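A.B. asks: requesting a structural model of the entry that follows:
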Amino acid sequence: MHDALDLRELLGDEVIQRQESGYDLDAVLPQAEKVLQCDGLRWSAELEQAYRLLETASVRPDWPYQEPQDEAGILAIPSAAAMIAPPGPNELADRLHAAWLGRCAGCNLGKPVEGFGWNRARLRSYLEQAGSYPISDYLPVLDPMPEGMTLNPSWRDASRGRISAMARDDDTDYTILGLHMLETYSDRLTPADVGWEWLRHMPFAQTYTAERVAYRNLIQGYEPPQTARVFNPYREWIGAMIRADAFGYAYPGDPGRAARLAYQDAALSHTANGIYGEMWAAGLIAASLAVSTARAAIDASMAVIPAGSRLAEAIRDVLASFDAGATWDQAFDQMEQRLGHYHWVHTINNAAAVVAALLWGEGDFSRTIGLAVEAGLDTDCDGATAGSVFGALHGTASLPGHWTDPLNDRMHSAISGFDNSSIADLAGRTATIAHQFSSTAETR
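C.D. replies: Numbers count the residues shown, from 1 in each chain. Next up, the predicted model:
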């Protein structure tokens, strides 16, 4: 599914992407549908022609959103974001360590129920049968499994009683790679640098959707920003958002600079809301390292993305539900009505799920990452981001030992040279980067 090397699949997904983005496809959709109905090759001149025809479509005149696509238009927005005084070096180091730990725990929690038909209702049914609803610990494995339910194969390394480290996952691979890029390029990172580091350190088969498309395009000789645009219907999916953490960690209290640097990473593989998602997550994490409540961090993060975007609207809707006194279930029912048409790994619905988890989590780590996973969307991604933000907000003392002890201070990774890394070491190196960036900013 969603194979970057199968133009037939890409064409079908491009139709959906264009429809979700407000394009008028009336004149070009028949040709795409005709080609898709014919049996044939995974890649052909006919498929390319139909795909290119989709690219000639225009946005409908009544489309109500303002979503800048050019670099200047996007980067002008976070430039005005307010700075927040970060904590002292000892507290900051502790918060950064907690952010890494929280990201790992939340990711491991969500891994067994990523994909394979899991959704909110099915996950709740499974948890209730296992006596584990609401979530308060890593997911148990039922034996036998209930009929019609299949765990992600990662359950062998990421379920209760089987965890001995952070299992390998792209959500944490990119955090490690982000730290490496900051250590290598400092704040001068460019999309071309990101592409080179992917080719050097990231195996192609360990990339997915938009990242795999961008990797394919790099190999074929395309340069950014074309790497994000050529035959890439996944350019607004969640892949960039999960790569944001290192950039947020590097700029405690400065969501604007965090978002601007996150843009350099996102532009390799994403456009529009895909880019905004990484900028938003980086800004959210940067703010979380300097404030004490999720609401304050979320409010600060809104300044780094276009106010007229679908992403900003989705987050505002969650905030409105929370302020109106809705329960999490009520709010999520509303979210599904508004956003249920998006794929389960799209940026917009998953960002909304993270916001809901942070708000209704009410300062409790188990409840926060539990709600992020119970949403039944991209469970490992949402658990990881919610856990990272929570750790950044509250520090290591807020993370119960039954979540962090099984990690044994170790992370497995597909990033060459970084497998079996020490989480504490990575966090310490991140604190060094944050101090260096802060010192550089003060001298400019």
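
A.B. asks: show me the shaky parts of the stretch 151-300 of the chain.
C.D. replies: Scanning the stretch 151-300 of the chain for pLDDT under 70 picks out nothing.

A.B. asks: ranges for the helices of it?
C.D. replies: Assigned helices in the stretch 151-300 of the chain, in chain order: 155-158, 170-185, 191-201, 209-219, 245-250, 255-266, 272-288, 294-301 (criterion: DSSP state H, counting those that start in this stretch).

A.B. asks: now distance to residue 411 too, for those helices, in JSON lines please.
C.D. replies: Quick note: C-beta positions are derived from backbone N, CA and C, even for glycine. Converted to JSON lines, the helices of the stretch 151-300 of the chain look like this (distance: least, Cβ to Cβ, whole Å):
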{"stretch": "helix 155-158", "distance to residue 411": "12"}
{"stretch": "helix 170-185", "distance to residue 411": "6"}
{"stretch": "helix 191-201", "distance to residue 411": "15"}
{"stretch": "helix 209-219", "distance to residue 411": "19"}
{"stretch": "helix 245-250", "distance to residue 411": "13"}
{"stretch": "helix 255-266", "distance to residue 411": "20"}
{"stretch": "helix 272-288", "distance to residue 411": "18"}
{"stretch": "helix 294-301", "distance to residue 411": "25"}
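
A.B. asks: which one of these lies closest to residue 310?
C.D. replies: Among the helices of the stretch 151-300 of the chain, the nearest to residue 310 by Cβ to Cβ is helix 272-288 (5.8 Å).

A.B. asks: and for residue 225, the neighbour number?
C.D. replies: Neighbours of residue 225 under the rule other Cβ atoms under 10 Å: 18.

A.B. asks: who's in contact with residue 77?
C.D. replies: The neighbours of residue 77, taking Cβ atoms under 8 Å, 6 or more residues apart in numbering as the test, are 68, 303, 304, 305, 306.

A.B. asks: you'd agree residue 414 is up against residue 202?
C.D. replies: Yes. Between residue 414 and residue 202 there is a contact under Cβ atoms under 8 Å: 6.9 Å.

A.B. asks: what do these two both touch?
C.D. replies: With Cβ under 8 Å, 6+ apart as the test, residue 414 and residue 202 both reach residue 173.

A.B. asks: what's near enough to touch residue 165?
C.D. replies: Counting by Cβ under 8 Å, 6+ apart, residue 165 makes contact with 407, 408, 410, 411, 412, 420.

A.B. asks: give me the phi and psi for the third one.
C.D. replies: Note on residue 410: its backbone torsions stand at phi -130, psi 140 [degrees, to the nearest 10].

A.B. asks: now the residue nearest to residue 235 when sequence neighbours are not counted: how far from residue 264?
C.D. replies: The spatially closest residue to residue 235, leaving aside those adjacent along the chain, is residue 271, at 4.5 Å (Cβ to Cβ, 6 or more residues apart in numbering). Residue 271 sits 14 Å away from residue 264, going by Cβ to Cβ, to the nearest Å.

A.B. asks: do residue 46 as well
C.D. replies: 37 Å.

A.B. asks: neighbour-wise, which of the two wins?
C.D. replies: More crowded of residue 46 and residue 264, by other Cβ under 10 Å: residue 264, with 23 against 16.

A.B. asks: right, and that one touches residue 188 too?
C.D. replies: No. If you go by Cβ under 8 Å, residue 264 and residue 188 don't touch, sitting 9.1 Å apart.

A.B. asks: what about residue 190, how many residues nearby?
C.D. replies: 14.

A.B. asks: what residues are up against the nearest residue to residue 422 once chain neighbours are set aside?
C.D. replies: What sits nearest to residue 422 in space, not counting adjacent residues and going by Cβ to Cβ, 6+ apart, is residue 409, at 5.5 Å. Going by Cβ under 8 Å, 6+ apart, residue 409 touches 422, 423, 424.

A.B. asks: which of the residues you listed are buried?
C.D. replies: residue 423 (16 or more other Cβ atoms under 10 Å).

A.B. asks: kindly reformat the contacts of residue 409 as a markdown table containing pLDDT, secondary structure and distance to residue 338.
C.D. replies: Supplementary listing: the contacts of residue 409 in a markdown table, determined by pLDDT from 0 to 100; DSSP: H, G, I helix; E, B strand; the rest coil; distance: Cβ to Cβ, whole Å:
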| residue | pLDDT | secondary structure | distance to residue 338 |
| --- | --- | --- | --- |
| 422 | 98 | strand | 42 |
| 423 | 98 | helix | 37 |
| 424 | 98 | helix | 41 |
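
A.B. asks: redo the contacts of residue 409 as JSON lines? Include distance to residue 166.
C.D. replies: As requested, the contacts of residue 409 are exported to JSON lines (distance: Cβ to Cβ, whole Å):
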{"residue": "422", "distance to residue 166": "11"}
{"residue": "423", "distance to residue 166": "7"}
{"residue": "424", "distance to residue 166": "12"}
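
A.B. asks: which among the contacts of residue 409 gets closest to residue 128?
C.D. replies: Nearest to residue 128 among the contacts of residue 409, with distances taken as Cβ to Cβ, is residue 423, at 32.5 Å.

A.B. asks: so which bits of stretch 347-366 are buried?
C.D. replies: Across stretch 347-366, burial judged by 16+ other Cβ under 10 Å covers 347-361, 364-366.

A.B. asks: my error: substitute stretch 75-84 in the last question.
C.D. replies: Of all the residues in stretch 75-84, those buried under the rule 16+ other Cβ under 10 Å are 75, 77, 78, 81, 83, 84.

A.B. asks: rounded mean pLDDT for that stretch, please.
C.D. replies: Averaged over stretch 75-84, pLDDT sits at 96.
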